[in-house]
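S.K.: Could you look at this predicted model? Sequence included:
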Amino acid sequence: MFKWFDERLELKKFKEKFLSKTFPTHPTFLLGEIALFSFVTLVITGIFLGLLYEPSSKMVSLFGAMVPAAYASVVRIDLLPMGMLIRRIHHWSAMIMIASILAHLMRVFFTSAYRNPREINWYVGLGLFGISLFAAFTGYLLPYSNFSVTATSIGYYIAKSVPWIGNWISRLVFAGDFPSDSTVPRFFFLHVMLIPVLLIGTIGLHMMILIKQKHTEPASNRNKKEAENGKRLIGIPIWPEQTVISIAFFFFLLFTVVIISTFIPLNPIETYGPPAAGTPVMRPDWYFLVVYGFLKLIPGNLTFSILGGKITPETIGGVLFPTFIILVFVLLPLLDKAKEPQHYITNPLHRPFMTSFGITGGVFLTMFVVSGYIDVLKIAPRTMIYYVLLATAGTGILSYTLLRFYNKNNDGGKNVKL
Amino acid sequence: MVNQSDTGNKAGITRRKFILGAIIVSIAGAFGSLLSVLKVLSPSKKGSGYVSTIAVGDRLVYASGSNIGADLKASSLNTGDAVLVYPKSKSSNPANLVQLIKLNDSDFKAPTDVKLTDKGFVAYSAICTHLGCTVSWVKNESAPDTSYTECFCHNSIFNPATGEKVEGGPAPIPLAQIGIKVTDNDTLVFTSDFTGPIGPQV
């Protein structure tokens, strides 16, 4: 049987060329895989949901009440055996996917694997992060509950607040003004077709560049290679070791997600109800909390205009602030360059400035997540701004001092690279 | 001349240059003509945004709760209470959503327009001027006249006694007031249009 296929497809040659590629091992090298596997779970559960979902906000009758057709179809999915579980697995996987992308990005940052020659893949990865966030946002609206409509409406007004081209952009994304009956069909297509195709293509590119450039290796491999005078990557081959590990890991992840989804409810649309006059107390999913918290802190009277473009608090919080974060990520490989190609991960403790910059940035953004809860914590927005600045400055000074001190004590600062 | 055989005509354009030019022109033309699609994909609708259709004399009805759509009774509200209301049979337009608040006549200070209030009742647009969420009412049980309006989306706080002035949070302008009066049969009707802009100020 194998012989029959091998004669036609040259499987042995394929195995020698491709399947024997080596992957270096390190506990942090699995984070990207979590994102990939979550995406697989999302596609599988998404197919189930897509077959049963009705992309329309026209009013239909459900148990005697008039509700949008999309909402009615999601309520019906929830009533199916396993229906609600599959919807929760889909939502939880999305949250886990974005969390693991972020963790993967942090790993690449702190081990400085974004430098020469891997700048291109850093940008492809950033693209994947952005597309995933947009996928999550378009998914918000689809159940068309009170929560969905309020959250999407906020996104709509943020898009509208882009200076100069806000009206055009918001109408392009939301298919006209929101709320209207054309938004759900547009978001449905974006969510189930355009974005997944873009994601699959970009993931493919990310992997191809990875295979071409080879993975970075743990620093310990350098000594091993020097001792053995070897040149090849040290690690495990794709087949069979890496494949077996990956399959086991995929099912372990799936198992974990199913357990979480079974016991922890998420987006209970029956509780939110169909779109109604009142807005409940609500927070977006965790990955939007940074922007959500930032929006709460900007004073409302901060409106001005530049060259005919109107800058409002929404522009600052929803457009300029995210643009600033993206800009930092984009500029990173351009500012922190390496002349020689880097093939080993760097110990973050040996790069006091960049590591402390990363930690400080993380604390800065986390403080805005905390700002999302000022209503619970009973903190005034102005006080919270002081806390944000204090925590950021404190972390910066403390982490940098400690790291410099650590390096001085260990090797007299010989290994320190700014 | 090495390239003699490549020369397409006597004018001196090489075959390579001609093909390169042709490719650039056709790609530019193909994508350029597709740009018009962007306009189609971004439809503009007339009368968009928050445009109220409330007319003077429209009766106030409940906008939420169990008696949604029913006439609002003035006597059902005590000081410190508030309800979301619509003008009767005009509930499909979210711009018509109004928060009706019951305070004491003596509580109102400028810029609240006292002429538009009646028997302690005052009404404001219920659409937050920040990002368009519906505002909520935070009732202080021990001191009902210090209750206030809050948008739970980003915690903008408005003071109903002073024309829904922004007391905190990111809302740029106050919620616009609208005139109401209590009729002889205990219902309420609108007596004016909104005094200012309503909905998100983006």
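M.R.: That came in fine, so what should we check first? Numbering: from 1, shown residues only, chains lettered A, B, ... in the order given.

S.K.: The longest helix along chain A: which residues count as buried?
M.R.: Counting residues, the longest helix found in chain A (DSSP state H) is helix A:381-411. For helix A:381-411, a neighbour-count test (16 or more other C-beta atoms under 10 Å in any protein chain shown) marks A:381, A:384-385, A:388, A:391-392, A:395-396, A:399-400, A:403, A:407 as buried. For every residue, glycine as well, the C-beta is placed using N, CA and C.

S.K.: Are there helices or strands packed against that helix, and which ones?
M.R.: helix A:289-297, helix A:352-371 (3 or more C-beta pairs under 8 Å, 6 or more residues apart in numbering or on different chains; DSSP states H and E).

S.K.: Up against chain B, what does the stretch 251-400 of chain A have?
M.R.: Contacts of the stretch 251-400 of chain A with chain B, taken as C-beta under 8 Å from any C-beta of the partner chain, map to A:276-282, A:292, A:295-301, A:303, A:310, A:312-315, A:317, A:374-375, A:380-381.

S.K.: which stretches of chain B have low pLDDT?
M.R.: B:1-11, B:45-49 (pLDDT under 70).

S.K.: near chain A, which residues of it show up?
M.R.: For chain B, the residues found near chain A under the criterion C-beta under 8 Å from any C-beta are B:38, B:41-45, B:48-49, B:63-64, B:84, B:86, B:94, B:97, B:126, B:129-136, B:151-156, B:166, B:168-173, B:200-202.

S.K.: all helices for chain B, in order.
M.R.: Taking DSSP H as the criterion, chain B carries its helices at B:15-41.

S.K.: for it, what spans make up the strands?
M.R.: Secondary structure of chain B, counting by DSSP state E: strands at B:60-62, B:82-87, B:98-102, B:121-125, B:136-138, B:148-151, B:156-159, B:165-168, B:177-178, B:180-182, B:188-190.

S.K.: Is it possible to get JSON lines of those that adds distance to A:R118 and mean neighbour count?
M.R.: Formatted as JSON lines, the strands of chain B follow (distance: least, C-beta to C-beta, whole Å; neighbours: other C-beta atoms under 10 Å in any protein chain shown):
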{"stretch": "strand B:60-62", "distance to A:R118": "61", "mean neighbour count": "22"}
{"stretch": "strand B:82-87", "distance to A:R118": "55", "mean neighbour count": "23"}
{"stretch": "strand B:98-102", "distance to A:R118": "55", "mean neighbour count": "25"}
{"stretch": "strand B:121-125", "distance to A:R118": "53", "mean neighbour count": "26"}
{"stretch": "strand B:136-138", "distance to A:R118": "49", "mean neighbour count": "18"}
{"stretch": "strand B:148-151", "distance to A:R118": "45", "mean neighbour count": "22"}
{"stretch": "strand B:156-159", "distance to A:R118": "44", "mean neighbour count": "21"}
{"stretch": "strand B:165-168", "distance to A:R118": "46", "mean neighbour count": "18"}
{"stretch": "strand B:177-178", "distance to A:R118": "59", "mean neighbour count": "24"}
{"stretch": "strand B:180-182", "distance to A:R118": "65", "mean neighbour count": "19"}
{"stretch": "strand B:188-190", "distance to A:R118": "64", "mean neighbour count": "22"}
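
S.K.: returning to what we had before: just name the most buried of the helices and strands packed on helix A:381-411.
M.R.: Neighbour counts (mean count of other C-beta atoms under 10 Å in any protein chain shown) averaged over each of the helices and strands packed on helix A:381-411 peak at helix A:289-297, with a mean of 23.

S.K.: following that one, which helix or strand shows up next?
M.R.: Using DSSP states H and E, the next helix or strand after helix A:289-297 towards the C-terminus is strand A:304-306.

S.K.: gap between that following strand and the chain center?
M.R.: Taking C-alpha atoms, centre = their mean, to the nearest Å, one finds strand A:304-306 lying 32 Å from the centre of the chain it belongs to.

S.K.: hmm, who's touching that strand?
M.R.: Here strand A:304-306 makes contact (C-beta atoms under 8 Å, 6 or more residues apart in numbering or on different chains) with A:163, A:311.

S.K.: repeat that for 10 Å
M.R.: Here strand A:304-306 makes contact (C-beta atoms under 10 Å, 6 or more residues apart in numbering or on different chains) with A:163-164, A:310-312, A:315.

S.K.: ranges for the strands of the stretch 151-300 of chain A?
M.R.: With DSSP state E, counting those that start in this stretch as the definition, the stretch 151-300 of chain A shows strands at residue ranges A:236-237.

S.K.: which regions of it lie under the pLDDT threshold?
M.R.: Residue ranges of the stretch 151-300 of chain A with pLDDT under 70: A:231.

S.K.: The same query, at a cut-off of 90, please.
M.R.: For the stretch 151-300 of chain A, the stretches flagged by pLDDT under 90 are A:165, A:167-168, A:176-181, A:211-243, A:266-267, A:271, A:273, A:275-282, A:299-300.

S.K.: Now do the helices in it.
M.R.: A:166-174, A:183-189, A:195-213, A:220-228, A:243-263, A:269-272, A:289-297 (DSSP state H, counting those that start in this stretch).

S.K.: that older thread, which one, of the strands of chain B, ends up nearest to A:H350?
M.R.: In terms of C-beta to C-beta, the element of the strands of chain B nearest to A:H350 is strand B:165-168, at 46.0 Å.

S.K.: same for that closest one, what does it pack against?
M.R.: Counting contacts by 3 or more C-beta pairs under 10 Å, 6 or more residues apart in numbering or on different chains; DSSP states H and E, strand B:165-168 packs against strand B:148-151, strand B:156-159.

S.K.: Show me what the last one is in contact with.
M.R.: The contact list for strand B:156-159 (C-beta under 10 Å, 6+ apart) reads A:296, A:300, A:375, A:381, B:99, B:109, B:112, B:124, B:128-131, B:133, B:135, B:138, B:146, B:148-151, B:164-172, B:174-175.

S.K.: re the thing from before, can you add distance to A:I89 and give the helices and strands packed on helix A:381-411 back as a markdown table?
M.R.: Shown next, in a markdown table, are the helices and strands packed on helix A:381-411 (distance: least, C-beta to C-beta, whole Å):
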| stretch | distance to A:I89 |
| --- | --- |
| helix A:289-297 | 22 |
| helix A:352-371 | 25 |
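
S.K.: ok, A:G361 - contacts?
M.R.: For A:G361, the contact set (C-beta under 10 Å, 6+ apart) comprises A:109, A:325, A:328-329, A:392, A:395-396.

S.K.: likewise A:P341?
M.R.: By C-beta under 10 Å, 6+ apart, the neighbours of A:P341 are A:115-118, A:213.

S.K.: rewinding a little: which one of the strands of chain B lies closest to A:T355?
M.R.: strand B:165-168 (37.7 Å).

S.K.: Now the residue nearest to the spatial centre of chain B: closest residue in space that isn't a chain neighbour?
M.R.: Closest to where the C-alpha atoms of chain B average out (C-alpha atoms, centre = their mean) is B:G199, at 2.5 Å. Leaving out its chain neighbours, the residue that sits closest to B:G199 by C-beta to C-beta, 6 or more residues apart in numbering or on different chains is B:Y50, at 2.9 Å.
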